[in-house]
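J.: Structure for this input, please:
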Amino acid sequence: MFVHGVNNHVDDMAQVTIMGAPSRSPQTLREILGLSDMMPYRSKRSLLVPPMFVPENQRAPFPRLIGKSHVISSDMKEDHIFRLTGRGADQDPKGVFSINRLTGDVAVSRALDREAIAYYHLQVSTTDLSGKLVEGPVDLDVSVIDQNDNRPVFKEPRYSGEVQEGSPTGTTVMTMTAYDADDPNTDNAVLRYIIMRQLPDKPSPNMFYIDPERGDIVTVISPHQLDRETLPTTQYELEIVAKDMAGSEVGLTGTATATITITDRNDHAPEFTHSL
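T.: Predicted coordinates for the structure are as follows:
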């Protein structure tokens, strides 16, 4: 016999051998402990239902096996029928999951979309052949595993910002923010930002810099060069790209345009065009 003891400080198991009692039936130990007259003997059952995981966007053929429920019984000859209930089984969306009545095998019947439903909370129970409940219901949690099937999306295709001429290098002009519908706990939704192109590219093709993680656009050009009166234009357009998978080569991209206006400041005294 194994004795399993648990408290806040220890979780241990010991084997105890009982000597002197004949091995007759499962009731032998009950008789030794004096339990025979206190309660009737009942075979012990346990319904084990592990959590299950399904990748989204799977292709046919269906149904596909995703896991198995188990009945652990001291009388393995007992008949039992598995039943599956809950959203995705007998509740909308119905028929997404099914269970084999005899084996407990759980299957998915079609491709899933994590962005539509990320988790399914079902219940498994067993009945006897007459339909009487034997064990359960026990919760079955099915998690849909994310795939990188969504591109980063900017809220608007075009954004506008402005910076005053002569501003110190590192001045924040604006912030670009994109959104990715994939699982935020995976790299599928981790975005990195880059400036792909600046127009015009004078006096320098790198007048601005974007923080790859935050999306903040800051000035790189020196205050002396950031002169509205000498620049070839007062507006610059930046093509901003957001890439998921933390910017890796296999990441998906989204694009937006940032228009930056160089504003004037009162840095010139009035001058007479003709001497008096």
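
J.: contacting residues around the spatially closest residue to Leu48 that is not a sequence neighbour?
T.: Of all residues not flanking Leu48 in the chain, His70 sits nearest, at 4.3 Å (Cβ to Cβ, 6 or more residues apart in numbering). Every C-beta, even on glycine, is put in place using the N, C-alpha and C of the backbone. Neighbouring residues of His70 by Cβ atoms under 8 Å, 6 or more residues apart in numbering: Leu47, Leu48, Val49, Gly104.

J.: just checking, which of those residues belong to strands?
T.: Counting by DSSP state E, the members of the contacts of His70 that fall within strands are Leu47, Leu48.

J.: Pull out the buried residues from the contacts of His70.
T.: Listed as buried from the contacts of His70 are Leu47, Val49, Gly104; burial here means 16 or more other Cβ atoms under 10 Å.

J.: what's the closest of the residues you listed to Pro200?
T.: Val49 (64.3 Å; Cβ to Cβ).

J.: So what does that closest one have for phi and psi?
T.: Torsion angles at Val49 (phi, psi; degrees, to the nearest 10) stand at phi -130, psi 100.

J.: follow-up on the earlier one: dump the contacts of His70 into TSV; add distance to Ile210 and pLDDT as well.
T.: Compiled in TSV, these are given as follows (distance: Cβ to Cβ, whole Å; pLDDT from 0 to 100):
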residue	distance to Ile210	pLDDT
Leu47	55	94
Leu48	52	95
Val49	49	97
Gly104	54	97
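
J.: would you list the contacts of His70 in CSV and tack on distance to Phe154?
T.: Below are those laid out as CSV (distance: Cβ to Cβ, whole Å):
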residue, distance to Phe154
Leu47, 49
Leu48, 47
Val49, 43
Gly104, 48
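
J.: which one of the contacts of His70 is nearest Asp113?
T.: Minimum distance to Asp113 across the contacts of His70 is 24.2 Å, recorded for Val49 (Cβ to Cβ).

J.: so the closest one sits right up against Ser69, yeah?
T.: Yes. The pair Val49 / Ser69 is scored as a contact, 4.8 Å apart, by Cβ atoms under 8 Å.

J.: Low-confidence stretches in the stretch 51-200 of the chain?
T.: Flagging of the stretch 51-200 of the chain using pLDDT under 70 yields the residue ranges 74-78.

J.: which residues in it form helices?
T.: Using DSSP state H, counting those that start in this stretch, no helices are found in the stretch 51-200 of the chain.

J.: Tell me where it has strands.
T.: With DSSP state E, counting those that start in this stretch, the ranges of strands along the stretch 51-200 of the chain come out as 52-55, 64-68, 70-73, 81-86, 97-99, 105-108, 119-127, 133-145, 153-154, 158-164, 172-175, 178-179, 192-199.

J.: what pairs with the fifth one, and is each one parallel or antiparallel?
T.: By that I understand strand 97-99. Applying DSSP bridges, strand 97-99 is found paired with strand 105-108 (antiparallel).

J.: ok, now the last one?
T.: Within its sheet, and counting by DSSP bridges, strand 192-199 is paired with strand 235-243 (antiparallel).

J.: Can you list the neighbours in contact with the partner strand?
T.: Strand 235-243 is contacted from outside by 152, 154, 176, 178, 191-200, 207-208, 210, 215, 217, 251-262, using Cβ under 8 Å, 6+ apart.

J.: quick one, what contacts the residue nearest to Pro93 when sequence neighbours are not counted?
T.: Computed as Cβ to Cβ, 6+ apart, the closest residue to Pro93 that is not its neighbour in sequence is Arg87, at 7.4 Å. Applying Cβ under 8 Å, 6+ apart, we find Arg87 in contact with Pro93, Tyr120, His121, Leu122.
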